[in-house]
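Student: This is a predicted model, with the sequence first.
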Amino acid sequence: MVERVLVSPGGPELSELIQGYWRVSEWDLTPQQRLTLLKQHLEREISTVDHADIYGDYSCEQLFGEALKLDKSIRSRIEVVTKCNIKLLSEKYPNRSVKHYDSSAQHIRHSVDNSLARLGIEHIEVLLLHRPDALMDADEVASVFLELQKAGKVKHLGVSNFTPRQFELLQSRLSSSLVTNQVEINPINFNVAEDGTLDQLQQYRIRPMAWSCLAGGKIFSGSDAQILRLRTTLEMVKEEIGANSIDQVIYAWVRRFPSKPLAIVGSGNIKRIESAIESLKFNLNNEQWYKIWTASRGREVP
């Protein structure tokens, strides 16, 4: 069973698994099929959906909005997370000469309005700053968030891929708490477990959102020494805990962090989503967890 959890003190309740829509433009689904998928994961109690303005070359929010428009009653049953501050090189923005970040009040305001229009909704539950921006003025971000919050357009603010120091800087300017830091966590890349990011979130009782839990499929298709060690060990742990697939082991490994990450599931296949849900019943002990750590690092712990 997918539970609803408080993501942070004073923050929103979200589903403990999150459905990611960053690849919806690649799923080749009609609006009705997209609505069917949305209803299917809602029936299985995954109510939180993850977006960003840039996904699918600025198309994924629109594709989701087209599905949502077919049954507007769904809106009250979901929590929308979306992101802003990356400016992609795109034919839709021909005047741009380089990919860059923009955390100005003007851009955040403009991005939120665009996301609301594309999604066909009146407010965003959680807005995330997508990437750390060396030119971010924390006071300016805090001011525009308060403006958007008062206007009823954004309920909560969080970040994505921020270091602990960057998180602290922005938090120092806000009267309300940042509600999450969405970061990459998988058995190939778990640097956030060692650079203080997850320690900080555990300290503040803030649950991270974990993106790319399956490393974009690399764990299943890669052939380098690290991947081969990992697959062998994941298969071994799978047998030990009685899981059906190594992706279930990976989700259990990610959830084992004491900061209690909310895993983002990026598949448009309901069977894969069901497999992720089933992974919630599996738990790894310390030895099993560190077997996977050791396989990834290629050495034992110090």
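Tutor: Alright, I've got the coordinates.
Student: now the strands: where do they sit in the protein?
Tutor: Ranges of strands in the chain, per DSSP state E, are 4-6, 13-15, 17-20, 48-50, 79-84, 86-87, 100-101, 124-129, 154-160, 181-184, 209-211, 262-265.
Student: okay, those in TSV with mean pLDDT, mean neighbour count and distance to residue 137 next?
Tutor: Where C-beta positions appear, they are placed from N, C-alpha and C, glycine not excepted. Shown next, in TSV, are the strands of the chain (pLDDT from 0 to 100; neighbours: other Cβ atoms under 10 Å; distance: least, Cβ to Cβ, whole Å):
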stretch	mean pLDDT	mean neighbour count	distance to residue 137
strand 4-6	98	14	30
strand 13-15	98	20	29
strand 17-20	98	25	29
strand 48-50	98	26	26
strand 79-84	98	25	15
strand 86-87	98	18	17
strand 100-101	98	16	12
strand 124-129	98	25	12
strand 154-160	98	24	15
strand 181-184	98	24	20
strand 209-211	98	23	25
strand 262-265	98	24	29
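Student: quick one, which of those is nearest to residue 236?
Tutor: Closest to residue 236 of these, according to Cβ to Cβ: strand 262-265, at 21.6 Å.
Student: ok, back up a step: kindly state which of the strands of the chain is positioned closest to residue 191.
Tutor: Of the strands of the chain, nearest to residue 191 by Cβ to Cβ is strand 181-184, at 8.1 Å.
Student: Can you tell me the strand partners of that closest one and which way each runs?
Tutor: Strand pairing for strand 181-184, using DSSP bridges, gives strand 154-160 (parallel), strand 209-211 (parallel).
Student: Pipe those strands into TSV and attach distance to residue 200 per row.
Tutor: TSV is the format used below for the strands paired with strand 181-184 (distance: least, Cβ to Cβ, whole Å):
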stretch	distance to residue 200
strand 154-160	12
strand 209-211	15
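Student: Can you check which of these gets nearest to residue 120?
Tutor: strand 154-160 (16.2 Å).
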